[in-house]
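In: below are the sequence and a predicted model for it; my questions follow.
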Amino acid sequence: MRFYSVIIPVYNRPNEVDELLESLTKQSFSNFEVLIIEDGSTDRCEEVVEKYKDQLNISYYFKENSGQGFSRNYGFQRAKGDYFIVFDSDCLIPPHYFEAVENYLDEHRLAAFGGPDKAHESFTDVQKAISYSMTSPFTTGGIRGNKKHVATFHPRSFNMGISKEVYDKTKGYLITRMGEDIEFSIRVIDIGFKTGLIEGAYVYHKRRASFTQFYKQLHFFGRARINISRFFPKELKLVHTFPAIFTLGLLALPILYFIDKRIFILGISLYVVFGVLNFLSAMIKNKSIVVGFLGMVASFIQFVAYGVGFLTEIIKKIK
């Protein structure tokens, strides 16, 4: 039976940590420790952690702010597990999570793995819409947790596990933000470690509670993709440019109206189809017309925010 170390970096989110730790107390498999790494927060979660001392094998560490990547490294250095599992603080963990991981690793030798993210029934309609957009087959988020879209699986640090050997050889993250998990996954794979998706090891990822926060997050993701290309130029694929093309096309529509109305109508039609597909898909998945509409909005926000961030960072790179 493997022993797991759960690494959770946190910055000013005691309420989220409370919900996350509560979910960990309900696990059907309990051979794990929890390390909370407080990354220089002013609103600390130490009292929250104290509540769970009798229910979890838990340790609390406070350190100066250095970003999530280096905070995870701080946890890796102190972890005792055979595998280190990283969660974002805004995740809820279903009771079967560790059991699913343990059973899968019994049959498949993986050095690093990840799992999908889903929407919990307690999420607000906006959170469900954002979750839909980030996992939809009609958006770039469709690659998350879907084997059909993945050649070599690149784990992401909202829900990621690595063996102790992976940490020993990589020494963890080289950058602390701006795509740190993408850089880390690429390096793990380049070394020769086997990675994979464990479909049953999903988490309920809240992500952001408003569309404004979602826009800022996806804008950052777009910038991060260009930042990663500085380390791994070959990892910048055609698919990564789609949101930027989508955004430029949207901005060009008013101009096209005066240049060629036929092209304008074609462009409008394509965006309408995109919107309708996402509306219907989100509505069916969530059984809600409201979430269907919000899912459509979230999909447009996702593409535009990522596209703007992507283009902004390209301009900076050129300068």
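Out: Arrived safely, thanks for sending.

In: for the helix or strand of the chain with the lowest mean pLDDT, packing partners?
Out: The least trusted helix or strand in the chain, going by mean pLDDT, DSSP states H and E, turns out to be strand 117-118, with a mean of 90. The contact analysis (3 or more C-beta pairs under 8 Å, 6 or more residues apart in numbering; DSSP states H and E) places strand 117-118 against helix 125-135, strand 203-205. From N, CA and C alone the C-beta is placed, and that goes for glycine too.

In: mind checking the SS state of Leu277?
Out: helix (DSSP: H, G, I helix; E, B strand; the rest coil).

In: how far away is it from Phe98?
Out: Distance, Leu277 to Phe98, using C-beta to C-beta, to the nearest Å: 36 Å.

In: what about the two, which has more around it?
Out: Between Leu277 and Phe98, counting by other C-beta atoms under 10 Å, Phe98 is the more crowded of the two (24 against 15).

In: wait, the more buried one touches Gln27, no?
Out: Yes: using C-beta atoms under 8 Å, Phe98 is in contact with Gln27, at 5.3 Å.

In: sheet partners, orientation included, of the least confident helix or strand of the chain?
Out: In the sheet, strand 117-118 lines up against strand 203-205 (parallel) (DSSP bridges).

In: got phi/psi on the residue nearest the centre of the chain?
Out: Nearest to the geometric centre of the chain sits Phe158, at 4.8 Å (C-alpha atoms, centre = their mean). Per-residue torsions, Phe158: phi -70, psi -20 (degrees, to the nearest 10).

In: then Val273?
Out: phi -60, psi -40.

In: how many other residues sit next to it?
Out: 11.

In: look up how far Phe310 lies from it.
Out: 23 Å.

In: quick one on the thing from earlier: confidence score at the residue nearest to the centre of the chain?
Out: In this model, Phe158 is scored at 93, pLDDT.

In: how about it: what's its closest non-neighbour residue?
Out: Asp88 (4.2 Å; C-beta to C-beta, 6 or more residues apart in numbering).

In: cool, and Asp90?
Out: Lys206 (4.2 Å).

In: phi and psi next, for that neighbour.
Out: phi -70, psi -30.

In: tell me the angle the strand or helix carrying Phe264 makes with helix 125-135.
Out: Element membership for Phe264 (DSSP states H and E) is helix 261-286. Put simply, helix 261-286 runs at 110 degrees to helix 125-135, going by axes from the mean of the first three to the mean of the last three C-alpha atoms, to 10 degrees.

In: which helices and strands does helix 261-286 pack with?
Out: Against helix 261-286 (3+ C-beta pairs under 8 Å, 6+ apart) you get helix 125-135, helix 242-259, helix 289-318.

In: 6 Å - rerun?
Out: helix 242-259, helix 289-318 (3 or more C-beta pairs under 6 Å, 6 or more residues apart in numbering; DSSP states H and E).

In: a markdown table for those helices, including mean neighbour count?
Out: As requested, the helices and strands packed on helix 261-286 are exported to a markdown table (neighbours: other C-beta atoms under 10 Å):
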| stretch | mean neighbour count |
| --- | --- |
| helix 242-259 | 15 |
| helix 289-318 | 20 |
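
In: please identify which of the ones you listed is closest to Ser66.
Out: Shortest separation from Ser66 across the helices and strands packed on helix 261-286 is recorded for helix 289-318, at 22.0 Å, computed as C-beta to C-beta.

In: quick one: the strands in the stretch 101-250 of the chain?
Out: Here the stretch 101-250 of the chain has its strands, by DSSP state E, counting those that start in this stretch, at 112-114, 117-118, 159-163, 195-197, 203-205.

In: what's the closest of those to Tyr52?
Out: Per C-beta to C-beta, nearest to Tyr52 of the strands of the stretch 101-250 of the chain: strand 203-205, 18.2 Å.

In: give the burial count for Lys234, as a bare number.
Out: 7.

In: do the same with the one 5 residues further on
Out: By the other C-beta under 10 Å criterion, the neighbourhood of Val239 contains 10 residues.

In: show me what stretch 298-310 is in contact with.
Out: 129-130, 133, 139, 211, 214-215, 218-219, 221-223, 243-244, 246-247, 278 (C-beta atoms under 6 Å, 6 or more residues apart in numbering).

In: list buried residues within those.
Out: 129-130, 133, 139, 211, 214-215, 218-219, 221-223, 243-244, 246-247, 278 (16 or more other C-beta atoms under 10 Å).
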